[in-house]
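**Student:** Using only what follows, build the 3D model:
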Amino acid sequence: MLHAEHDAARNAHEFVLDLPDEPLAAEADDEKLRQVLANLLDNAVKFSPEGGRVTVSAHRNDDNGTVEIAIADEGMGIPQAEHQLIFSKFYRRADRTGREEVGTGLGLFIAEGLLSAMGGSIRVSSMEGEGSRFVFELPLASAAFARRDREASPST
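**Tutor:** Numbering: from 1, shown residues only. Model (predicted):
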């Protein structure tokens, strides 16, 4: 079980999925993508109040040829001045809710590095006190990549 899933269950967080009806295919390494999702979900749960909502959405962006995945929370938010700092190695956003500070400050640094290695990017939109929304983009899969991926997946 992901750390975020455990914390979400313990703190009664609500998860909302906003996904398209048709499958999306991005050129990405499965393990690296799982690590990015785990890091972002872990942060969303960690910095959201008890009972808060975490929303995961995805859509195809034909304008720039990417799949966009967003993870939004209802947490404490991030001041504009810290938006670029949060992707730095060992940077830890102070938890102003009084909870014990946890983590190494590597999650977002690692996520950005993994996404970059896969030809993607990540950005944040957030205001202090209003939650955060992290959006990452990965290149749309080429037809050959998507076909190979479908053929490798077991039929249901």
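
**Student:** quick one, strands of the protein?
**Tutor:** Here the chain has its strands, by DSSP state E, at 14-18, 53-61, 66-72, 121-126, 132-139.

**Student:** List the buried residues in the longest one.
**Tutor:** Buried residues in strand 53-61, defined by neighbour count with 16 or more other C-beta atoms under 10 Å: Val54, Thr55, Val56, Ser57. Yep, even glycine has a C-beta here, placed from its N, CA and C like the rest.

**Student:** The fourth one now?
**Tutor:** Neighbour counts using 16+ other C-beta under 10 Å place Ile122, Val124, Ser125, Ser126 of strand 121-126 among the buried residues.

**Student:** Check the first one too.
**Tutor:** Of the residues in strand 14-18, none are scored as buried under the neighbour-count criterion (16+ other C-beta under 10 Å).

**Student:** partners of it, with directions?
**Tutor:** The pairing partners recorded for strand 14-18 under DSSP bridges are strand 53-61 (parallel).

**Student:** now do the last one
**Tutor:** The partner list of strand 132-139 in its sheet, established with DSSP bridges, is strand 66-72 (antiparallel), strand 121-126 (antiparallel).

**Student:** Those strands into TSV, with extra columns for mean pLDDT?
**Tutor:** Formatted as TSV, the strands paired with strand 132-139 follow (pLDDT from 0 to 100):
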stretch	mean pLDDT
strand 66-72	97
strand 121-126	96
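
**Student:** gap between the residue minimising distance to the centre of the chain and Val56?
**Tutor:** In the chain, the residue lying closest to the centroid (C-alpha atoms, centre = their mean) is Leu40, at 3.8 Å. Plainly put, Leu40 is 9 Å away from Val56 if you go by C-beta to C-beta, to the nearest Å.

**Student:** what do those two both touch?
**Tutor:** Common neighbours of Leu40 and Val56, using C-beta atoms under 8 Å, 6 or more residues apart in numbering, are Ile71.

**Student:** that older thread, now the buried residues of strand 121-126 in JSON lines, with distance to Phe87?
**Tutor:** As requested, the buried residues of strand 121-126 are exported to JSON lines (distance: C-beta to C-beta, whole Å):
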{"residue": "Ile122", "distance to Phe87": "7"}
{"residue": "Val124", "distance to Phe87": "8"}
{"residue": "Ser125", "distance to Phe87": "14"}
{"residue": "Ser126", "distance to Phe87": "13"}
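
**Student:** Identify the farthest-apart pair in the residues you listed.
**Tutor:** Spatially, the most separated pair among those is Ile122 and Ser126, at 12.8 Å (C-beta to C-beta).
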